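> the amino acid sequence is not available; the structure is as follows:
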Ligand SMILES: Cc1ncc(COP(=O)(O)O)c(C=O)c1O
């Protein structure tokens, strides 16, 4: 158990002590802190490009590996499970550690990721499935690495109960202003004041602020957080995931797009040529579509390594409002709007 996926990733790098200057390959689209954590350890983040489903492009992976590569971090994006068999074969040939970032991919209690990956990390932060407003679970294959990580974690200060209570309060307030009508009013007020609503909402939900990232990451989860997490696992209505999946398949069928059967549709992102027009049209019809403001493209050391696919996904993505209690009518109405903008989105 860790405070967050970012804390767990930092902990693994602390335990591994990779030689300075080693390269860590990362799915090119992820939360910016993942690349910052790599840099914090004197290592070099290297982006590996993705397609529009968030799946790693094997050609990009092969092109990114050098004699300095030591690890690949695969982010399973949007609820889609990336196929790992080919990637694991390549990683084995090059002696790379394989870390699965399943922050967006929790499906059920007790799941462990791919049996051959070295680490698998699940997040229970805000907006995640079965959220406890924090916490992460990590499966570590090597017993020795697991022991070193536990020992190091044991030396970190414990998150204070007051800090966790403050966090609960902040998110309770946020939830209050995000009820359907209130959210609409609040968005209009924020935009009138000249701010971008999505950026503001993301800065409130992000968790770790800009400075002194290491000190913020290196905390053991508090007892109230762990208790809340246990309670969430016991009481979470897993039928919500089944409904989300059904919604994703229905929406896909309406717009002529097929999906991998393992997709659990944590969100439904669309990559389109005119994202602003689509967002505006959805909002005019009362659907609060957003963009992926919390994610970023992993910076490349030189122009030959810039991940064009990830850039396209980030710049042209529209994220649909996606709640398991949405009726089928709403799913169909959104699909009709998408059809008016772009008959066959990728
Ligand atoms: C792909 C991905 N990786 C890592 C994280 C960070 O998770 P945590 O907030 O538990 O550190 C997130 C959070 O949104 C994420 O989406």
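Yep, it's here. Treat the numbers as computed from the prediction; the structure is a model and nothing was measured.
> hey, let's count contacts and neighbours off CA atoms from now on
OK.
> does the one residue in the stretch 51-200 of the chain that gets nearest to the ligand have beta-bridge partners, and which?
Among all residues of the stretch 51-200 of the chain, residue 123 sits closest to the ligand, at 4.2 Å; criterion: C-alpha to the nearest ligand atom. Residues found in beta-bridge contact with residue 123 (criterion: DSSP bridges) are residue 136.
> what about it, how many residues nearby?
Using other C-alpha atoms under 10 Å as the criterion, residue 123 is surrounded by 29 other residues.
> settle this for me: it is touching residue 7, isn't it.
No - at 10.4 Å, residue 123 does not count as touching residue 7 under the criterion of C-alpha atoms under 8 Å.
> per-residue confidence for residue 169?
The predicted local distance difference test score for residue 169 is 88.
> that one in helix, strand or coil?
For residue 169, the secondary structure call by DSSP: H, G, I helix; E, B strand; the rest coil comes out as helix.
> so how far is stretch 42-57 off the chain centroid?
A distance of 13 Å separates the C-alpha centroid of stretch 42-57 from that of its chain, computed with C-alpha atoms, centre = their mean, to the nearest Å.
> report whether it contacts the ligand.
No - Stretch 42-57 does not reach the ligand (C-alpha under 6 Å from any ligand atom); its nearest approach is 10.4 Å.
> buried ones in that stretch?
Of the residues in stretch 42-57, those buried by neighbour count under the rule 16 or more other C-alpha atoms under 10 Å are 43-50, 52-56.
> who touches it?
Among residues not part of stretch 42-57, those counted as contacts by C-alpha atoms under 8 Å, 6 or more residues apart in numbering are 18-29, 35, 38-39, 60-61, 64, 74, 76-78, 80, 82-83, 271, 297-301, 305-310, 313, 346.
> ok, 6 Å please
Surrounding stretch 42-57, the residues in contact under the criterion C-alpha atoms under 6 Å, 6 or more residues apart in numbering are 20-28, 35, 60-61, 77, 82, 298, 307, 309-310.
> mind checking which of the residues you listed land in helices?
Among those, the members falling in helices (DSSP state H) are 35, 60-61, 309-310.
> contacts for the helix or strand hosting residue 251 next, please.
Per DSSP states H and E: residue 251 is located in helix 239-255. For helix 239-255, the external contacting residues (C-alpha under 6 Å, 6+ apart) are 258, 264-265, 324.
> after the helix or strand of the chain with the lowest mean pLDDT, which helix or strand is next?
Every helix and strand in the chain was compared by mean pLDDT, DSSP states H and E; the lowest is helix 197-205, with a mean of 62. Following the chain from helix 197-205 toward its C-terminal end, the next helix or strand by DSSP H and E is helix 213-217.
> coming back round to it: got JSON lines for the buried residues of stretch 42-57, with pLDDT and secondary structure too?
Below are the buried residues of stretch 42-57 laid out as JSON lines (pLDDT from 0 to 100; DSSP: H, G, I helix; E, B strand; the rest coil):
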{"residue": "43", "pLDDT": "98", "secondary structure": "coil"}
{"residue": "44", "pLDDT": "97", "secondary structure": "strand"}
{"residue": "45", "pLDDT": "97", "secondary structure": "strand"}
{"residue": "46", "pLDDT": "97", "secondary structure": "strand"}
{"residue": "47", "pLDDT": "97", "secondary structure": "strand"}
{"residue": "48", "pLDDT": "97", "secondary structure": "strand"}
{"residue": "49", "pLDDT": "97", "secondary structure": "coil"}
{"residue": "50", "pLDDT": "97", "secondary structure": "strand"}
{"residue": "52", "pLDDT": "90", "secondary structure": "coil"}
{"residue": "53", "pLDDT": "89", "secondary structure": "coil"}
{"residue": "54", "pLDDT": "93", "secondary structure": "coil"}
{"residue": "55", "pLDDT": "94", "secondary structure": "coil"}
{"residue": "56", "pLDDT": "96", "secondary structure": "strand"}
